[in-house]
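> Generate coordinates for the sequence data below:
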Amino acid sequence: MASPRVLTITFKLRVPPGLPANVRVKRIDTAVASFIAAVRSLAPSVFPWAKSIDVDYTWSYQWLRGNETVLLMPTAENTGDEQTAAAERAMLGVPDAEE
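Below you'll find the model as predicted:
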């Protein structure tokens, strides 16, 4: 079975807080169409393996935004070796798994 492969690139265009601009839906639609056209024209030369482009777009007032990194329990698979994993578990106060 072939593995699905996806290249995801995210751009966020931000309007500075307090800027006295009223961005209308027609202008947003025009911007989206322009970016799609630009990516469509660049894709064949910079990433010729792509067959299609999925476009997600949102216009929102971002009153609240959260972002955090959650550490997972270190294992030999995600740290490179068991000695490193044991040291990281000790640092996090996680007891060694019983075998």
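> Which other helices and strands does the lowest-mean-pLDDT helix or strand in the chain contact?
Lowest by mean pLDDT, DSSP states H and E among the helices and strands of the chain is helix 76-79, with a mean of 73. Under the contact criterion of 3 or more Cβ pairs under 8 Å, 6 or more residues apart in numbering; DSSP states H and E, helix 76-79 touches helix 82-92. Glycine gets a C-beta too; all of them are placed from N, C-alpha and C.
> what's the helix it packs on in contact with?
The set of residues external to helix 82-92 that reach it, using Cβ atoms under 8 Å, 6 or more residues apart in numbering, is Leu71, Met73, Pro74, Thr75, Ala76, Asn78, Thr79, Pro95, Asp96.
> ok, the last one to Asp56 distance?
In this structure, Asp96 and Asp56 are 42 Å apart, going by Cβ to Cβ, to the nearest Å.
> gap between stretch 87-99 and the chain center?
With Cα atoms, centre = their mean, to the nearest Å as the basis, stretch 87-99 stands 30 Å off its chain's centre.
> Name the residues of that stretch that come out as buried.
For stretch 87-99, the neighbour count (16 or more other Cβ atoms under 10 Å) marks Glu88, Arg89 as buried.
> How about stretch 24-32?
Quick answer for stretch 24-32: no buried residues (16+ other Cβ under 10 Å).
> Identify the single longest helix in the chain, thanks.
Longest helix in the chain by number of residues, with DSSP state H as the criterion: helix 25-46.
> List the contacts of it.
Outside helix 25-46, the residues that reach it (Cβ under 8 Å, 6+ apart) are Leu13, Ala50, Ile53, Val55, Tyr57, Trp59.
> repeat for stretch 58-72
Val23, Val25, Ile28, Asn78, Leu92.
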